[in-house]
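> Pasting a predicted model and its sequence here:
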Amino acid sequence: MVSLSIDIRPAADHPASWRRADLAASGSWRFPLDRSDVDELARAVAGVRARGLAVEDVTAADFPLPTMQPKLKAIAEQLAVGMGLALITGLPAHTRFSPDDTALVYWGIGRHLGAPLSQNSRGHLLGHVVDKRADGEAARPNKRLYEGGGAFGFHTDRGDVVGLLCFRKAKEGGGSLVASAMAMHDVMLDERPDLLELLYQPMHADWYGEEQPGDWPYYQTTVYSRIRGVLSCNLSTRPMRAAQRFPEVPRLDERWIEAFDYIDTLADRPELHYSMTLEEGEMQFLNNWTVVHAREDYVDHDEPELRRHLLRLWLRLPVERPCARPS
């Protein structure tokens with residue numbers, strides 16, 4: 001192994017360093033709702049409706065879930081210091097809960113886990129993941145991944161946690177792929193430590209038009225960072241590549257391209273990633289600093305009202321993580 005000039009240690013003892021077989025064998029990240037949970041969620045929804053509150057104005061206090069607190073605490077701990085992901089199942093969406101009430105349940109659970117973050121320059125806190133190609137969005141050069149259909153590669157989003165609720169499934173496919181960025185780190189440390197060292201270095205990334213007024217159209221970040229002993233990952237090579245459209249941004253040389261190509265395909269290895277197809281009403285939450293995610297290709301319904309539709313939250317956890325945030 002080559003001698004590295006910066007402190008890059010293995011992440012093997014990290015709770016979020018897992019392989020596909022580890023995740024498949026563990027039930028600790030699955031959280032089924034029982035009848036009492038669903039009843040409590042229904043009471044919380046009724047309380048919000050009685051007060052006439054808008055969904056995005058609802059706080060955790062406005063959406064009381066007293067008997068669910070042990071489960072919510074376990075979910076929060078799994079995200080923050082555990083395997084880095086949680087799957088909530090058993091919500092009877094489209095039967096007991098209307099579409100609007102399903103969105104409120106999702107928002108309410110999210111508010112108990114963290115504070116919602118804006119997902120775009122328009123300040124949207126509750127995102128809708130739908131295929132916008134029929135609306136002429138496909139030709140827009142800076143469109144976001146979720147605005148198109150089909151598959152896309154492994155990456156992380158902004159914020160500490162990204163959540164998805166499946167509102168409607170695709171006709172076929174559309175599975176959610178997850179992989180441990182910590183396990184990927186150690187594979188790279190073993191196979192290509194020279195490229196891993198590059199991914200600890202700062203690089204510019206494209207805001208894709210989502211920058212605030214007066215800000216630069218790109219920002220600086222790293223793929224991996226270790227601050228106060230805490231290892232974190234921000235897999236954002238797509239915007240890093242896209243930032244090359246700005247002439248003032250330093251050029252990517254062959255080694256950077258090789259490092260990006262390597263990390264972009266690393267999680268494609270079958271032993272590293274895990275695939276799950278979210279059923280309607282299921283909620284997936286991922287720690288953005290330890291877990292990367294991707295989407296499998298899918299075939300959608302012809303009828304617009306039946307097409308694949310997910311709701312998304314970006315959350316900031318109550319405890320600040322020492323990591324290299326975009327700047």
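Cool, the structure landed.

> beta partners for Leu286?
Leu85, Val162 (DSSP bridges).

> My read is that it contacts Ala179, right?
No: counting by CB atoms under 8 Å, Leu286 does not reach Ala179; the two are 10.4 Å apart. Any C-beta I mention is one placed from the backbone N, CA and C, and that applies to glycine too.

> joint contacts of the two?
Shared contacts of Leu286 and Ala179, defined by CB atoms under 8 Å, 6 or more residues apart in numbering, are found at His293.

> how much space between His14 and Met68?
28 Å (CB to CB, to the nearest Å).

> Show the model's pLDDT score for Arg321.
Note for Arg321: predicted pLDDT of 90.

> what helix or strand does it sit in?
For Arg321, there is no enclosing helix or strand under DSSP states H and E.

> and it, how many neighbours?
By other CB atoms under 10 Å, 17 other residues sit near Arg321.

> Please name the residues that touch it.
Counting by CB under 8 Å, 6+ apart, Arg321 touches 160, 230, 232, 289.

> In contact with the nearest residue to the first one once chain neighbours are set aside, which residues?
In space, Asp160 comes closest to Leu317 once its chain neighbours are excluded; the distance is 4.3 Å by CB to CB, 6 or more residues apart in numbering. Shown here is Leu317, whose contacts under the criterion CB under 8 Å, 6+ apart are 76, 79-80, 113-114, 160-161.

> How much space separates the residue most central in space within the chain from Met203?
In the chain, the residue lying closest to the centroid (CA atoms, centre = their mean) is Val162, at 3.5 Å. Taking CB to CB as the measure, Val162 falls 21 Å from Met203.

> And Ala86, by the same measure?
Per CB to CB, Ala86 is found 30 Å from Met203.

> does Met182 really touch His14, like I thought?
Yes: here Met182 reaches His14: they are 4.6 Å apart, a contact under CB under 8 Å.

> Those two: who's more crowded?
Met182 (25 against 20).

> where's the more buried one relative to Ser36, distance?
Where Ser36 is concerned, Met182 sits at a distance of 35 Å (CB to CB).

> Then Tyr298?
Tyr298 sits 35 Å away from Ser36, going by CB to CB.

> Settle it for me: which of those two has more neighbours?
The neighbour count for Tyr298 versus Ser36, taken as other CB under 10 Å, is higher for Tyr298 (18 against 10).

> Please report phi then psi for the more buried one.
Backbone torsions of Tyr298, given as degrees, to the nearest 10, read phi -150, psi 160.

> go on, Arg49?
Torsion angles, degrees, to the nearest 10, at Arg49: phi -60, psi -40.

> okay, now the residue nearest to Arg312 when sequence neighbours are not counted: neighbour count?
Distance criterion CB to CB, 6+ apart; nearest residue to Arg312, sequence neighbours excluded, is Gly127 at 3.8 Å. Gly127 has 20 neighbours, counted by other CB under 10 Å.

> Help me confirm that Gly127 comes into contact with Gln119.
Yes: at 4.6 Å, Gly127 counts as touching Gln119 under the criterion of CB under 8 Å.

> what do the two both touch?
312, 314.

> who's Val292 bridged to?
The partner list for Val292 in beta bridges (DSSP bridges) reads Ala179.

> for the contacts of Leu317, which one is nearest Trp18?
Nearest to Trp18 out of the contacts of Leu317 is Leu79 (CB to CB; 13.9 Å).

> so what's the closest residue to that closest one other than its chain neighbours up against?
Sequence neighbours aside, Asn287 is the residue nearest to Leu79 in space, at 5.1 Å (criterion: CB to CB, 6+ apart). By CB under 8 Å, 6+ apart, Asn287 lies in contact with 16, 79-80, 84-85, 160-161.

> follow-up on the earlier one: need the pLDDT of the residue nearest to the centre of the chain.
pLDDT, Val162: 98.

> Any stretches of the stretch 51-200 of the chain with poor pLDDT?
Along the stretch 51-200 of the chain, segments meeting pLDDT under 70 span 133-149.
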